[in-house]
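Asker: Quick one: sequence and predicted model below, then my questions.
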Amino acid sequence: MRRHKTTKPMRRCIACRESKPQDELIRFVLNGHDPVVDIDGRAEGRGFYLCKSAECAKTAVKRKAFNRVCKRNLDENEISSLIEQALNSYQGGMDVKES
């Protein structure tokens, strides 16, 4: 019997645009017109991903990546609170390295 290697699904970060295994990224989903953190990865809706690093979070805000993906203008405070919520949801899973 032949055993196949199982490959992890790859997803692209909206900030750095690098493809990484799905479990290394934070998933956000559009709930109507509002983006929310999808902790368990099973929420319905248009999903997008962000690396688990403070650097990518800053880059996403700077490049207005959330606006591009959500196809609407979001306030920087909205985005910051969303990222903060993600940080709290993934306690210990975020890299807090500052470059």
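Answerer: Thanks, I have it.

Asker: switch to C-alpha atoms for all contacts and neighbour counts from now on
Answerer: Fine.

Asker: contacts for stretch 56-70?
Answerer: In this structure, residues lying in contact with stretch 56-70 by Cα atoms under 8 Å, 6 or more residues apart in numbering are 14-16, 30, 33-35, 48, 50-51, 73-74, 76, 79-80, 83.

Asker: Centre of the chain to whichever strand in the chain runs longest, how far?
Answerer: Longest strand in the chain, counting residues (DSSP state E): strand 25-31. Computed by Cα atoms, centre = their mean, to the nearest Å, the chain-centroid distance of strand 25-31 equals 6 Å.

Asker: If you count neighbours, what's buried in the longest helix anywhere in the chain?
Answerer: Longest helix in the chain, counting residues (DSSP state H): helix 76-89. Of all the residues in helix 76-89, those buried under the rule 16 or more other Cα atoms under 10 Å are I79, L82, I83, A86, L87.

Asker: how near is the last one to K52?
Answerer: This points to L87. Remark: distance between L87 and K52 (Cα to Cα, to the nearest Å) = 8 Å.

Asker: By mean pLDDT, which helix or strand of this structure comes out lowest?
Answerer: Every helix and strand of the chain was ranked by mean pLDDT, DSSP states H and E. The lowest is helix 76-89, at a mean of 86.

Asker: which strands and helices sit next to that one?
Answerer: For helix 76-89, the packing partners by 3 or more Cα pairs under 8 Å, 6 or more residues apart in numbering; DSSP states H and E come out as strand 34-37, helix 54-62.

Asker: Distance to V69 and mean neighbour count added to the ones you listed, as TSV?
Answerer: Listed next are these as TSV, based on distance: least, Cα to Cα, whole Å; neighbours: other Cα atoms under 10 Å:
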stretch	distance to V69	mean neighbour count
strand 34-37	10	18
helix 54-62	11	17
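
Asker: Among these, which comes closest to P9?
Answerer: Checking the helices and strands packed on helix 76-89 against P9 by Cα to Cα gives strand 34-37 as the closest, at 19.0 Å.

Asker: Leaving out sequence neighbours, find the closest residue to G47.
Answerer: Excluding the flanking residues, the one nearest G47 by Cα to Cα, 6 or more residues apart in numbering is V29, at 4.2 Å.

Asker: Kind regards, and thank you for your time.
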